[in-house]
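> Requesting a structural model of the entry that follows:
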Amino acid sequence: MGNNAEIVRRLISEAWPGDNLDLLDAHVAEEYLEHAPFGQVVGREGYREGIALFNGAFSGLRLEVHEVIEQGDHVAARFTFRGRHAGEFMDIPPSGRDVVMEGITMTRLEAGQVVEEWLAIDLLGLMQQMQGASAGD
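Modelled structure (predicted):
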């Protein structure tokens, strides 16, 4: 696995649960831009705020990286997000339910820093789990 792939793997598995936020200063560009289902995230501070939002809403947050594919300055990663819905998220009050969400990200790096990402996550499935519904309901 190349250096860019390792950076992406570590950001997902270490920074997102809040275990190693120092990775942001080292590997997320000030001019970072994320294209996500809920809108765009801009800047390193926007990235940090996203982590704080998810960690405030989901206790015990963990992300497991399953596959990472690196090609030049782009890295694709597939991951699973797990946590307990312990705080308000997207206007949904805490349910205490354990949730699981699958996701894929395509990341572009320059000189060892993440500059742009495209995120695909099952946000609808996550919302259904928080509200106690299943996909078939």
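> rest of the way, CA atoms for contacts and neighbours
Noted.
> Run through who's touching the helix or strand of the chain with the lowest mean pLDDT.
The weakest-scoring helix or strand in the chain, judged by mean pLDDT, DSSP states H and E, is strand 39-42 (a mean of 90). Strand 39-42 is contacted from outside by Glu31, Tyr32, Leu33, Glu34, His35, Tyr47, using Cα atoms under 8 Å, 6 or more residues apart in numbering.
> any chance you could map the helices in this protein?
Here the chain has its helices, by DSSP state H, at 3-10, 22-27, 43-57, 123-130.
> Could I get the contacting residues of the nearest residue to Ser59 once chain neighbours are set aside?
Excluding the flanking residues, the one nearest Ser59 by Cα to Cα, 6 or more residues apart in numbering is Arg84, at 5.2 Å. When contacts are counted by Cα under 8 Å, 6+ apart, Arg84 touches Phe58, Ser59, Gly60, Leu61, Gly96, Arg97, Asp98, Val99.
> hmm, 10 Å instead?
Listed by Cα atoms under 10 Å, 6 or more residues apart in numbering, the contact partners of Arg84 are 55, 57-62, 94-100, 130.
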